[in-house]
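> Pasting the sequence and the predicted model now:
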Amino acid sequence: MIGGTLWDLVAWRAARTPDATALIQGAETARDEYRITFGHLRERAERVAAGLTAHGVGPGSRVVWQLPTRIETVLVSLALARLGAVQSPVLPGYREHELGQVLRRTRATHVLVPGVRRGVDHTAMAHRLAAQLPAPPAVVEAYDALPDGDPAVLPPPPTDPDAPRWIHWTSGTTAAPRGVLHTDRSLRTAGSCLAAALRLGPNDVGSMAFPYAHVAGPDYTVMLLTHGIPAVLVEHFALPGALAPYRRHRVTVAGGSTAFYALFLAAQRALPPGRRLLPALRLLAGGGAPKPPALYHEVVAELGCQLTHGYALTEAPMVTMGDPHDTPEALATTDGRPPAGMEIRIAPGSGEVLLRGPAVCRGYLDEPTPFDADGFLHTGDLGHLTPTGHLVITGRLKDIIIRKGENVSAREVEDLLYGHPDIADAAVIGLPDPVRGELVCAVVEQPPGAAALTLTTVTAHLLAQGLARHKLPERLEVLPALPRGATLRKVLKQELRERFGTPPPTPRGQPRS
């Protein structure tokens, strides 16, 4: 069932399995958990929608919300979908600079906030920012207590699935965040394709540990509604605390991004031999960041589950996904195959990945069209298609380092660095150099108890893996932790370029902390 609006899908699922559990709010102890069925999800969302009308929210209202991963947030989002409002989710970690930009650029009529959370007074912040705007948006708190009203006052539900009613924001890891325009159809298509790709069954239990404000939020919700399976929500993901609800509810499908895989793997390695971290887990799935091939084999061998990695971006929440039934070689070295309807074209010369299909966004907020004459979106990512139709992402246009006129793929070097036993994660960046144009700098994060690294030992490892000499790092930096974004924990390479963009004060070959 791909056609229709998001609310049509909510109503369809509620009518089909009203008493089945939809969402479980996970907590470290069972007494702090609660859940909601698909039937109650629809009823509560309609009551919240009615309550929002009392605050002036209606069809076409521009509503920014900055809320954590909770059942209440799902209710708010579905309520806005029921009203036909234009909603713009904002990551909980955003502060005055980012939230102010979003309020100004969306020309928001309302902003929904969680009050005081994790030491931040979101209500006061929203009021300060609203007062600076020509038309201040109304500030509404929506955390434990949600707006409530009689559904009899509601207008008819929206009927046009192609109206842009979602503004999601890119992560801003390489440039200023951009407002991505999505429709119910584009998000429903992406979620339906994800549901098919993961081969979920009636006994599966999913999980959402990533910020629900990410475009993966509605993507994952559509998947749950399509299959009628539950998911455990975790407001603040941290290990080992998050493991308790995963074990209690026997989560079978987890993931998020490469950083999540690594966190689960590290937790597994801290256990005695023979004890599984999550006994019911059968599949880790995700995307949003590169996956070293070695990590695939480690997850399968040590966590005892399958790993399927995909390629997606805010502009297209589902492009490709690994098939759990595919070969280990394909799952380790590719990003999966596209679903029916997703067209992938590799630009001649540059190797840039171009996309066209119903899951692709409709453009950017207040920006010229990003589509070429044939209707393809230019992603800025580099890759190639294998003879079997699998996509292999090799890096980004901005991640190609040009050293003495030779191209060096940062992704290629990073994958090889990950295989070093004393490297937990790595980011390779190009830094300005007056002789070479750019030099290759490896910034690494080490696991606990690892031996100290030198540039000599790192380059020896890369040479042993067969890397060409002109691609070897000429500078090594060691950090306690790589800087990461708040969403899918992508490495923030721009921060690394800014930090290390000046010559190091230490002798060459010695890492800095």
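Here it is on my side, so go on.
> what's Thr170 in contact with, if anything?
Counting by CB atoms under 8 Å, 6 or more residues apart in numbering, Thr170 touches Pro177, Arg178, Val180, Leu313, Thr314, Glu315. For the C-beta atoms, the positions are set from N, CA and C on the backbone; glycine is no exception.
> Bridging across strands, which residues link to the fourth one?
Going back to what we said before, that points to Leu313. Applying DSSP bridges to Leu313 gives these bridge partners: Ala316.
> ok, how many other residues are close to it?
Using other CB atoms under 10 Å, the number of residues around Leu313 comes to 22.
> Give me the pLDDT value at it.
pLDDT for Leu313: 92.
> and it, what is it in contact with?
Thr170, Val319, Thr379, Asp381.
> same thing with the second one?
Remark: with contacts taken as CB under 8 Å, 6+ apart, Arg178 is in contact with Trp169, Thr170, Tyr364, Leu365, Glu367.
> try 6 Å
Taking CB atoms under 6 Å, 6 or more residues apart in numbering as the contact definition, Arg178 lies against Thr170, Tyr364.
> do the same with Arg497
Here Arg497 is in contact with Ile429 (CB under 6 Å, 6+ apart).
> Now do the buried residues in the helix or strand of the chain with the lowest mean pLDDT.
The weakest-scoring helix or strand in the chain, judged by mean pLDDT, DSSP states H and E, is strand 406-409 (a mean of 76). Under the neighbour-count criterion of 16 or more other CB atoms under 10 Å, strand 406-409 has Val408, Ser409 buried.
> In the stretch 101-250 of the chain, mark out all the helices, start to finish.
122-131, 184-197, 216-227, 243-248 (DSSP state H, counting those that start in this stretch).
> Same check on the stretch 301-450 of the chain?
328-333, 410-418.
> Against Leu416, how distant is the nearest residue to Lys471 once chain neighbours are set aside?
Counting by CB to CB, 6 or more residues apart in numbering, Val408 is the residue found nearest to Lys471 once chain neighbours are left out, at 4.7 Å. According to CB to CB, to the nearest Å, Val408 stands 12 Å off from Leu416.
> Against Leu154, how distant is His470?
In terms of CB to CB, His470 sits 64 Å off from Leu154.
> ok, these two, which is more surrounded?
Leu154 (18 against 13).
> hang on, the earlier thing: top of the contacts of Leu313 by neighbour count?
Val319 (29 neighbours).
> which residues sit in contact with the closest residue to it other than its chain neighbours?
Spatially, and ignoring its direct neighbours in sequence, Val319 is nearest to Tyr311 (4.8 Å; CB to CB, 6+ apart). By CB under 6 Å, 6+ apart, the contact set of Tyr311 is Gly287, Val319, Thr320, Asp335, Leu391, Ile393.
> Which residue ranges of the stretch 51-200 of the chain form strands?
Using DSSP state E, counting those that start in this stretch, the strands found in the stretch 51-200 of the chain span residues 62-65, 86-89, 110-113, 116-117, 120-121, 138-141, 164-169, 179-183.
> Parallel or antiparallel, which strands does the last one pair with?
Sheet partners assigned to strand 179-183 using DSSP bridges are listed as strand 164-169 (antiparallel), strand 363-364 (antiparallel).
> Quick one: closest of the ones you listed to Glu43.
strand 164-169 (21.9 Å; CB to CB).
> in that closest one, what's buried?
Pro164, Arg165, Trp166, Ile167, His168, Trp169.
> now it, how far from the centre of its chain.
Its chain's C-alpha centre lies 15 Å from the corresponding centre of strand 164-169 when counted by CA atoms, centre = their mean, to the nearest Å.
> pretty sure Tyr143 contacts Val113?
No: using CB atoms under 6 Å, Tyr143 is not in contact with Val113; the gap is 8.2 Å.
> of the two, who's got more company?
Using other CB under 10 Å, the more surrounded residue of Tyr143 and Val113 is Val113, with 26 against 19.
> What does the pLDDT read for that one?
Predicted confidence (pLDDT) at Val113: the value is 98.
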